[in-house]
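Enquirer: coords below, sequence missing:
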Ligand SMILES: Nc1nc2c(ncn2[C@@H]2O[C@H](COP(=O)(O)O[C@H]3[C@@H](O)[C@H](n4cnc5c(=O)[nH]c(N)nc54)O[C@@H]3COP(=O)(O)O)[C@@H](O)[C@H]2O)c(=O)[nH]1
């Protein structure tokens, strides 16, 4: 330790070298009385002094304690560090680097793992008087903090920063070895519904179970990360030896969709969530982390858009498609303020009388440069970015205002997006619109699809009951296309069922479609609900749906969507001609 080396004995030579070393260290300008050696021995920082060959001449108490060596003086670097546990194969390159630095008389900083899993940074610096100073900085807590900063607390998986670090390191390694790697982005389907209906503790427990399944689906060496909410990512670095890409990633993606999609039991609830997966491969889809993460994200977006519960690989065309979508999104955000929306009105005809009983209001976007854009294109986008709430309110107000001006009290049907049910303000909005426009609530029909009831059935049913209490009517749109249309009829007494166009279109060549239309018409009759056949384009379709007992019809045959003035004219009594007066 820091005792003055004695003359003679096994350290006799060392002792002499030490005295010379200490005298040389003491600057000539300093008073000889300064307790220089004592200061080194007692200083808080671990310090060793080595001779030019790397043999320890002096070690203070802190250094000896840190490296668990009672008497380091006289030891070489490898012998010095052995008691501290620096013998692992992983430490070999570090020791070699330290010895190289001694031979070359240059400075070096090197990380070392000591026994007890303590991490230190060793700094070897040549001294002007010859020999070296070797100091250690204990960085254990700093590194533990850094590891925690890379961990996601709920699941214990890597977080985004951790994934990024591991991806950078894997890419650097792949550069050397040419080993393929893949980034898989994952997004849970229907997780929000679990959180909303059963609360966050159940949602959190479910996320932990998902994380466990992801760990099981991957191989050791792969990195599983939770990026936030219900977003996860996997860095696949350890495809089976000899496995080729994209087959190895495809196998993993398929395994993930299968495993994550199996039923979970949390707090006695049987829960089903699915997962969508986007895959980007290195180096084919990008050789840096940013490109790979972005491309996996684009592939994920495609997987979600194409039905969820599936996986997609990145394709270069996705970049251009995403740019087109962004540009449309920018325009859509401005469209309401720039008054680019309009409504078209499609007549609904009572089959028994042949009279127009009402109109369905259909949104139109007239873009000054792009021309008319189909609602089938922009409504899903507006739903995704939340704009549908404002646009839907605008459509509701414009439709009610228009209907209130008609010469006859025909009904007006307005489509509601599932997203409009989420904010908790729908009943209030409809009430305000009715009050502002003066429309009789009994003339307003709100059309909802099964999508609205899928998410959070109980709260949607509360909203529907609130709307019904205002006196408005509720129709079930696109009936027959979802999984549970029948069960919803039992849960809520709809006023009208609208039979999806696909069944009407199929009636002529397909006996099953005819049977479905007949069954729905009879179901409606026995439940006291009107039935509207949508998408009627030909006289023979009209005859067929009349024969099946539907009560109303809507389609190009009886009237295409038309401008407001034309719809109003259909309801106005014909202007009296001069001959009438005669
Ligand atoms: N949330 C809201 N959704 C809306 C609103 N306005 C429209 N939409 C939905 O957009 C989808 C596409 O609508 P659109 O292009 O207007 O198509 C409608 C009709 O034009 C079309 N139709 C009607 N008859 C026929 C026909 O004989 N043949 C044929 N090929 N198409 C026909 O069908 C659409 C009406 O569908 P539906 O609402 O199911 O009655 C569509 O899903 C709209 O719902 C809005 O304000 N908010």
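Expert: Thanks, I have the structure now. Keep in mind it's a predicted model, so treat the numbers as computed, not measured. Residues are numbered from 1 along each chain as shown.

Enquirer: from here on, contacts and neighbour counts on C-alpha atoms
Expert: OK.

Enquirer: can you list the domains in this structure?
Expert: Recorded structural domains for the chain (assignment: automatic domain parsing) are 11-143, 150-314, 333-571.

Enquirer: what is the helix or strand encompassing residue 468 packed up against?
Expert: Assigned by DSSP states H and E, residue 468 falls within helix 457-470. Counting contacts by 3 or more Cα pairs under 8 Å, 6 or more residues apart in numbering; DSSP states H and E, helix 457-470 packs against helix 426-437, helix 450-455, strand 473-479.

Enquirer: the first one: what's the following helix or strand?
Expert: Same thing as helix 426-437. Following helix 426-437 in sequence, per DSSP H and E, is strand 444-448.

Enquirer: ramachandran coordinates for the closest residue to residue 479 other than its chain neighbours?
Expert: Excluding the flanking residues, the one nearest residue 479 by Cα to Cα, 6 or more residues apart in numbering is residue 499, at 5.0 Å. Phi and psi for residue 499, reported as degrees, to the nearest 10, are phi -80, psi 130.

Enquirer: residue contacts, residue 499?
Expert: If you count contacts by Cα atoms under 8 Å, 6 or more residues apart in numbering, residue 499 has them with 477, 478, 479, 480, 517, 520, 531, 532, 533, 534.

Enquirer: over to residue 412: give its phi and psi.
Expert: Dihedral pair for residue 412: phi -130, psi 120, per degrees, to the nearest 10.

Enquirer: which residues touch it?
Expert: 358, 359, 360, 361, 399, 400, 403, 443, 444, 445.

Enquirer: buried ones among the residues you listed?
Expert: Among these, those scoring as buried are 358, 359, 360, 361, 399, 400, 403, 443, 444, 445 (criterion: 16 or more other Cα atoms under 10 Å).

Enquirer: list just the nearest of those residues to residue 347.
Expert: For the buried ones among the contacts of residue 412, the minimum distance to residue 347 (Cα to Cα) is 4.4 Å, reached by residue 359.

Enquirer: residue ranges of the helices in the stretch 251-400 of the chain, please?
Expert: Assigned by DSSP state H, counting those that start in this stretch, the helices in the stretch 251-400 of the chain fall at 289-305, 317-335, 375-384, 388-404.

Enquirer: using CSV, please lay out those together with distance to the ligand and mean pLDDT.
Expert: As requested, the helices of the stretch 251-400 of the chain are exported to CSV (distance: least, Cα to the nearest ligand atom, whole Å; pLDDT from 0 to 100):
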stretch, distance to the ligand, mean pLDDT
helix 289-305, 16, 96
helix 317-335, 14, 95
helix 375-384, 4, 95
helix 388-404, 5, 98
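
Enquirer: reduced to three states, what does the residue nearest to residue 77 when sequence neighbours are not counted come out as?
Expert: Take residue 77 and drop its neighbours on the chain: the residue closest to it by Cα to Cα, 6+ apart is residue 54, 6.3 Å away. Residue 54 falls in the coil class when you classify it by DSSP: H, G, I helix; E, B strand; the rest coil.

Enquirer: ok, now which ones touch residue 362?
Expert: By Cα under 8 Å, 6+ apart, residue 362 lies in contact with 343, 344, 345, 346, 414, 415, 561.

Enquirer: of the residues you listed, which belong to strands?
Expert: Residues of the contacts of residue 362 located in strands (DSSP state E): 343, 344, 345, 346, 414, 415.

Enquirer: so the third one touches residue 565, yeah?
Expert: Yep, that's residue 345 we're talking about. No - assessed by Cα atoms under 8 Å, residue 345 is found out of contact with residue 565, at 9.5 Å.

Enquirer: if you count surrounding residues, which of these two has more?
Expert: Neighbour comparison, residue 345 and residue 565: the larger count goes to residue 345, with 24 against 12 (by other Cα atoms under 10 Å).

Enquirer: run through the bridge partners of that one.
Expert: Beta-bridge pairing of residue 345 under DSSP bridges involves residue 361, residue 562.

Enquirer: ok, it to the ligand distance?
Expert: 9 Å (Cα to the nearest ligand atom, to the nearest Å).

Enquirer: ok, that residue - contacts?
Expert: Per Cα under 8 Å, 6+ apart, neighbours of residue 345: 359, 360, 361, 362, 561, 562, 563, 564, 567.

Enquirer: can you tell me which of those is nearest the ligand?
Expert: Comparing the contacts of residue 345 against the ligand with Cα to the nearest ligand atom places residue 362 closest, at 3.7 Å.

Enquirer: tell me which residues of the helix or strand hosting residue 38 come out buried.
Expert: In this structure, residue 38 sits in helix 36-42 according to DSSP H and E. Neighbour-count burial for helix 36-42, counted by 16+ other Cα under 10 Å, picks out 37, 40, 41.

Enquirer: for residue 334, state which of these is nearest.
Expert: Nearest to residue 334 among those, with distances taken as Cα to Cα, is residue 40, at 71.3 Å.

Enquirer: count of neighbours near the closest residue to that closest one other than its chain neighbours?
Expert: In space, residue 40 comes closest to residue 60 once its chain neighbours are excluded; the distance is 6.6 Å by Cα to Cα, 6+ apart. Using other Cα under 10 Å, the number of residues around residue 60 comes to 24.
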